[in-house]
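>>> here is the input, now give the coordinates:
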Amino acid sequence: TSRPSGNAPLYVQVQASTAKGKFSTGVVVDVQRWQLVDGNPYRYGKSEEGASVLTILLDIDKTITARLTQGASLAEVQDAVAEVVDEWQMKQKAKLTTEEQRNVLTYLGNLIEDMKSGRAVSKKTEKPVAKSTRTAYTTLKHTLERFQDGEPLHWQDIDERWAQGFVAWLRERGMKDKSVNHQKALLKSIINRAKDIHGDTTKAELIRQHKAQDMATEIYLYKEEVDALYSMELAGGEEKVRDLFLVGIFTAQRVSDYSTIRQEDFGVTAKGNKVIRIRQRKTGNKVVIPIIDGRLEAICRKYDYKLPTYTRETINTHLHAIMERLASDVPSLRERVVTTLTIKEREKEQKAGGHLWQRDSKGDVLKERWEMVHSHTARRTSVTWMYLSGKYDLRQMMSVSGHKDVDTFTSYIRLSSDEMADKVAELAGEDGLF
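Down below sits the predicted model:
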């Protein structure tokens with residue numbers, strides 16, 4: 001095809017004694033992606049969508065070979081291919097119907113196609129959706145795909161923590177408040193459109209302008225807690241998740257970055273200091289991470305520099321169980337801190353007709369610290385440790401974490417008011433401040 005983008009069908013060129021000619025298979029591919037892999041179906045098949053295309057192309061190849069062996073004409077070969085493709089397309093449609101009930105990105109992709117064809121109309125005007133609206137939704141889809149970094153986004157994944165993480169990621173990439181709010185408004189409208197699918201009439205309220213007092217408290221782990229976690233006797237998936245989490249602490253990186261560290265990423269500086277060099281997957285930033293804790297390299301060697309990979313959901317599930325058990329031996333993890341309940345937790349209390357979580361004298365929710373540990377706590381822990389050490393300036397700390405925005409970086413420093421006061425007093429020293 002001569003078109004630079006969009007979708008186009010794949011054609012087959014047949015050269016045999018009984019059949020010669022070219023015809024369309026009816027299998028459609030993304031032009032840009034197809035050109036990027038130089039028309040190689042095996043490279044195209046590395047994605048979830050491409051894998052399905054590769055499967056049908058292999059079936060088409062088998063069908064053509066079999067029919068030509070039988071001496072079929074070009075028309076007979078084309079009919080045989082059409083039957084195979086029709087059956088494949090029926091399975092794809094059935095799969096999409098099921099998948100869009102779970103996957104936000106699948107639903108959004110189908111909605112955009114319906115907007116292009118005119119099947120989806122504006123709910124307010126009942127007229128075809130404007131091209132500018134389609135473009136906005138397409139941009140949102142690409143943004144969500146980058147944020148998810150290859151992981152599926154299911155309706156049940158969209159909770160308050162996910163929404164906060166998405167907004168923080170947008171701001172970290174330099175997006176201004178007006179643009180952030182526009183992305184949130186689009187996502188909220190998608191959730192409202194799909195409420196018949198996910199069945200949650202309150203989910204859209206998660207995508208709102210978060211105020212500081214509405215956001216759940218984020219914690220960091222103390223060094224003795226990390227030492228206890230490192231020494232904890234674990235096995236199977238729990239051991240692997242624990243080790244991954246520790247790598248996150250020792251590198252100050254996101255899950256998507258610290259879970260993909262490989263042996264070739266290790267090196268040394270001109271002065272002989274051991275480092276890890278990576279390009280962050282979500283931001284594209286190049287970072288050089290000094291290895292200042294031997295446990296980091298020890299964990300990587302343990303897995304022959306091929307760290308296990310898990311979804312954030314799986315990591316958080318294991319972490320919750322691990323930290324609950326660790327709290328029985330580490331008293332600081334049982335300390336209670338003021339936080340807020342998620343919408344789901346508030347709904348549980350409403351159904352129960354009373355408080356399920358402890359409150360203080362002011363009525364604020366209290367949770368034990370172990371309950372608030374999740375995959376991103378690793379990055380917050382590392383950033384907070386660097387700050388508390390007093391050894392590094394802002395530029396040095398941000399060069400390791402990969403942050404470009406100062407406000408986003410400083411939001412990772414999780415100190416209580418008492419800890420801030422202790423830090424000021426420590427810096428003032430015996431000479432005082434005044």
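
>>> outside of stretch 168-182 itself, list whatever touches it.
Here stretch 168-182 makes contact (CB atoms under 8 Å, 6 or more residues apart in numbering) with 136, 143, 147, 167, 183, 209, 282-283, 403-405, 407-408, 411. The C-beta positions use only the backbone N, C-alpha and C, and glycine is treated the same way.

>>> name the member of those with the shortest distance to residue 291.
Sorting those by distance to residue 291 puts residue 403 at the head of the list, at 19.8 Å, by CB to CB.

>>> number of residues surrounding the closest one?
24 (other CB atoms under 10 Å).

>>> roughly how far apart are it and residue 374?
To residue 374, residue 403 is 19 Å away according to CB to CB, to the nearest Å.

>>> quick one on the thing from earlier: secondary structure for the contacts of stretch 168-182 - can I get that in a markdown table?
As requested, those are exported to a markdown table (DSSP: H, G, I helix; E, B strand; the rest coil):
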| residue | secondary structure |
| --- | --- |
| 136 | helix |
| 143 | helix |
| 147 | helix |
| 167 | helix |
| 183 | helix |
| 209 | coil |
| 282 | coil |
| 283 | coil |
| 403 | coil |
| 404 | coil |
| 405 | coil |
| 407 | helix |
| 408 | helix |
| 411 | coil |
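
>>> wait, which of these is closest to residue 236?
Nearest to residue 236 among those is residue 282, at 29.0 Å by CB to CB.

>>> quickly find the element holding residue 318.
In this structure, residue 318 is located in helix 312-326 according to DSSP states H and E.

>>> what about that helix, distance to the chain center?
18 Å (CA atoms, centre = their mean, to the nearest Å).

>>> do stretch 311-322 as well
Centroid separation for stretch 311-322 versus its chain: 15 Å, with CA atoms, centre = their mean.

>>> ok, and what's touching it?
151, 157, 229, 232, 234, 237-238, 241-242, 244-245, 255, 310, 371, 373-375.

>>> so which bits of that stretch are buried?
Taking 16 or more other CB atoms under 10 Å as the basis for neighbour counts, the residues of stretch 311-322 that come out buried are 312, 315-316, 318-319, 322.

>>> okay if I get these as JSON lines plus distance to residue 304 and pLDDT?
Formatted as JSON lines, the buried residues of stretch 311-322 follow (distance: CB to CB, whole Å; pLDDT from 0 to 100):
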{"residue": "312", "distance to residue 304": "24", "pLDDT": "80"}
{"residue": "315", "distance to residue 304": "21", "pLDDT": "90"}
{"residue": "316", "distance to residue 304": "26", "pLDDT": "89"}
{"residue": "318", "distance to residue 304": "21", "pLDDT": "95"}
{"residue": "319", "distance to residue 304": "24", "pLDDT": "95"}
{"residue": "322", "distance to residue 304": "23", "pLDDT": "96"}
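
>>> reformat those as a markdown table; add distance to residue 384.
As requested, these are exported to a markdown table (distance: CB to CB, whole Å):
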| residue | distance to residue 384 |
| --- | --- |
| 312 | 20 |
| 315 | 20 |
| 316 | 20 |
| 318 | 23 |
| 319 | 18 |
| 322 | 20 |
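
>>> wait, which of the residues you listed is closest to residue 357?
Taking CB to CB as the measure, residue 357 sits nearest to residue 316 out of the buried residues of stretch 311-322, at 18.5 Å.

>>> count the residues that sit near the closest residue to residue 364 other than its chain neighbours.
The spatial neighbour of residue 364 that comes closest, neighbours along the chain excluded (CB to CB, 6 or more residues apart in numbering), is residue 338 at 4.6 Å. In terms of burial, residue 338 registers 13 neighbours under the definition other CB under 10 Å.
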